[in-house]
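Novice: For reference, the sequence and a predicted model appear below.
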Amino acid sequence: MKHRSQLGWSIVATASACVLAALWVFPLLWALSTALRPELETVSATFHWLPRSWTLDAFAKTLGAGNLPRWLFNSALVALLVTLVTMAISLMAAYAFSQLRFRGRSALFGIAMLAFLLPFEALLVPLFRTMNALGLINSYAGLVLPQVVSPVVIYVFKQFFDAVPADFREAALMDGAGPLRVLWSVYLPISGNIVWAMAIVTFIGAWNNFLWPFIIVTSNDMMTIPLGLTQTYDAFGVRYAQLMAAALLGALPVALAYVVFQRRVTQGFLATSGLKG
Amino acid sequence: MFKRAANTELARSAPPMAGRAEGLPAALLLAPFVLVFLLFFLGPAVQTLWLSLTESSLTRTSAFVGLANYATLVQDEAFWASLGHTFYFSLLTVIPLTVLGLVMALLVHRFVRASSWLQGAFFLPYVLPISVMTLIADWMLQPSSGVINHIVGGQRAWLADVDWAMPMVAIGTIWWTVGFNMLMLLAGLRNIPAELYEAAALDGARGFTLFRAITWPALRPVVGTALLLQLIASLKIFGQTYILTTGGPFNTTRVTLHYMYETAFTQSDAGYAAAIAMAFMAVVIALSLLQLWLGRSWRRMRAGREA
């Protein structure tokens, strides 16, 4: 009896794992299967799961026409800048919050953590007005700056620094090193893992950010991938092979980053949710 | 998470070398963060409140009008409708995303040898840009040559259908974001000490009994956190509906942030949009607190019953 129900459970589990995995992989495979056909086949009256004649036409056309290469470049530049600036700002702030003694420390930290509560979305209107007043609409600075405010990164780094034994810092201070030097040569080398994890997660987040570029960019040349891909009907028309090729090309960099750094990405996203992996 | 951030951590990390003032280095290290925080976060937050009390366009403020924007808002049917659509989307996503995330986490946890493949399959969509999801969804749901209509038969225009548009946006969102919940819950599962299972197994517990006696109680706080984060994320729906349906058909998928966006950027009524933003913020915070409170009183009730 008992054995029978055990077996039943494991059949149910195996079946659901297979079905769910298939369902989750299918849309991407279907996009690939579409992108590898000639355009005519996507509107043909007979349905085929696989291309009848395989071709890289759609990929070539997508990269040749429209602004896709430019959007990829913009995304890479913006995501890189956001990541570098966020890491620098957050490491310094987290070190100060964690290791230095100064007046108003808890109050300031509390205010910074308020950002957890207020949705960024609710700030869009005044943020746009500010950027407009600063003349930063349709600029890289305008795209990057609001994205570098990331209290969650500061929180994660601070927690990490809090756990570092005090002797580390004292030894360095004895040698007369300044705080920036201590941060750079004592704390940074031991926090490599968590810095990498947060950097990759910040990069993916900035690469994927849709809402802010959507607000701040109107010129096609300044668009990033998530925004540009919503303009593809204008760029390529309703040509599904090309649209799927564009979607896959836009997905490729982050998908690769995930596959290569799977462990770090996992660790980073978990840290941002307040849990440890 | 919020509470922990706000108080307990600070007391613990008393810095070494007490008495030595480090105000200057602290100020230098904090200056860049404080600057961007003021300019791009706190400033706009205060400005949202101020703008909501004025009559303003996207570029200039013309008059202080007190609570007039809020008086309009209370009677604005389009606003309440958009809030209703936001809640409907949350209803369609919060619990399914959490339950499915849990099922996936249990499967990844169980099939040890296939776990990194399974985890990859479930998590990959989460790292993709939103428009990759919407482009693929739009193609799959295409009325005449979409694969969904090929499977179910017929020529339904899913995204232009009053009954189907929002559920389809919800399904697209579930595919795109469930990986994050799976990951959180998987971490929760992996944190449960193996000894607990061994002890229960010695007592003869198997299968579902094991889940109910060990897994579920240990995982409940993580499920609570996942639900809360998911609720906040779902209430902030905007991009998926904006790209897939532009709020249609007949505004049935126009959510609150979309309404705010239209008010600000197509009507150039920044004052009123700020009032919508304030109301939205209030709803998000109120519902988060309500959920925290419900979770806590539920735990207390259970604890009372078990005692």
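Specialist: Received, thanks.

Novice: Low-confidence stretches in the stretch 151-300 of chain B?
Specialist: Residue ranges of the stretch 151-300 of chain B with pLDDT under 70: none are present.

Novice: Looks to me like residue B:112 is in a strand.
Specialist: No. The assignment for residue B:112 (DSSP: H, G, I helix; E, B strand; the rest coil) gives coil, which keeps it out of a strand.

Novice: gap between it and residue A:17?
Specialist: Residue B:112 is 12 Å from residue A:17, where distance means Cβ to Cβ, to the nearest Å. All C-beta atoms are positioned from the backbone trio N, CA, C, and that covers glycine.

Novice: and these two? which has more neighbours close in?
Specialist: residue A:17 (22 against 8; other Cβ atoms under 10 Å in any protein chain shown).

Novice: quick one: that one from chain B, how far?
Specialist: 5 Å (Cβ to the nearest Cβ, to the nearest Å).

Novice: same deal with residue A:77?
Specialist: 16 Å.

Novice: Name the nearest residue to that residue, sequence neighbours excluded.
Specialist: Among residues not flanking residue A:77 along the chain, residue A:140 sits closest, at 6.7 Å (Cβ to Cβ, 6 or more residues apart in numbering or on different chains).

Novice: Likewise for residue B:150?
Specialist: In space, residue B:150 is closest to residue A:47, 5.0 Å off (Cβ to Cβ, 6+ apart).

Novice: Verify the stated contact: that neighbour with residue B:151.
Specialist: No. The pair residue A:47 / residue B:151 is not scored as a contact, 9.7 Å apart, by Cβ atoms under 8 Å.

Novice: on that earlier part again, how would you label the residue nearest to residue B:150: helix, strand or coil?
Specialist: coil.

Novice: What about it? Give its phi and psi, please.
Specialist: phi -100, psi 130 (degrees, to the nearest 10).

Novice: Before we move on, what's the pLDDT of it?
Specialist: pLDDT, residue A:47: 87.

Novice: gap between it and residue A:34?
Specialist: 12 Å.

Novice: Which of the two has more residues huddled nearby?
Specialist: For residue A:47 versus residue A:34, the count of surrounding residues by other Cβ under 10 Å is larger for residue A:34: 25 against 10.

Novice: Now the more buried one: which helix or strand?
Specialist: Using DSSP states H and E, residue A:34 falls within helix A:2-35.

Novice: who does the helix or strand just after that helix touch, helix- and strand-wise?
Specialist: Toward the C-terminus, helix A:2-35 is succeeded by helix A:39-42 as the next helix or strand (DSSP H and E). Judged by 3 or more Cβ pairs under 8 Å, 6 or more residues apart in numbering or on different chains; DSSP states H and E, helix A:39-42 is in contact with helix A:240-260.

Novice: Next, the buried residues of the helix it packs on.
Specialist: Going by neighbour count (16 or more other Cβ atoms under 10 Å in any protein chain shown), the buried part of helix A:240-260 is A:240-251, A:253-255, A:257-258.

Novice: ditto for stretch A:41-48
Specialist: A:41-42.

Novice: Same check on stretch B:114-130?
Specialist: Neighbour-count burial for stretch B:114-130 flags B:114, B:118-130 (criterion: 16+ other Cβ under 10 Å).

Novice: distance of the residue most central in space within chain B from residue A:193?
Specialist: In chain B, the residue lying closest to the centroid (Cα atoms, centre = their mean) is residue B:233, at 1.2 Å. Distance, residue B:233 to residue A:193, by Cβ to Cβ: 27 Å.

Novice: Now residue B:139: phi and psi?
Specialist: Taking degrees, to the nearest 10 as the convention, residue B:139 sits at phi -70, psi -40.

Novice: Just give the closest residue to it, not the sequence neighbours.
Specialist: residue A:240 (5.3 Å).

Novice: Just the buried positions in the helix or strand containing residue B:148, please.
Specialist: Taking DSSP H and E as the criterion, residue B:148 maps to helix B:147-152. Burial within helix B:147-152, assessed by neighbour count using 16+ other Cβ under 10 Å, is assigned to B:147-149.

Novice: between those residues, which is nearest residue B:89?
Specialist: For the buried residues of helix B:147-152, the closest approach to residue B:89 (Cβ to Cβ) belongs to residue B:148, at 19.8 Å.

Novice: Report all helices and strands that the top helix by length along chain B contacts.
Specialist: Ranked by number of residues, the top helix in chain B under DSSP state H is helix B:270-306. Secondary-structure packing of helix B:270-306 (3+ Cβ pairs under 8 Å, 6+ apart): helix A:124-133, helix B:43-51, strand B:54-56, helix B:68-74, helix B:77-110, helix B:216-235, helix B:256-261.
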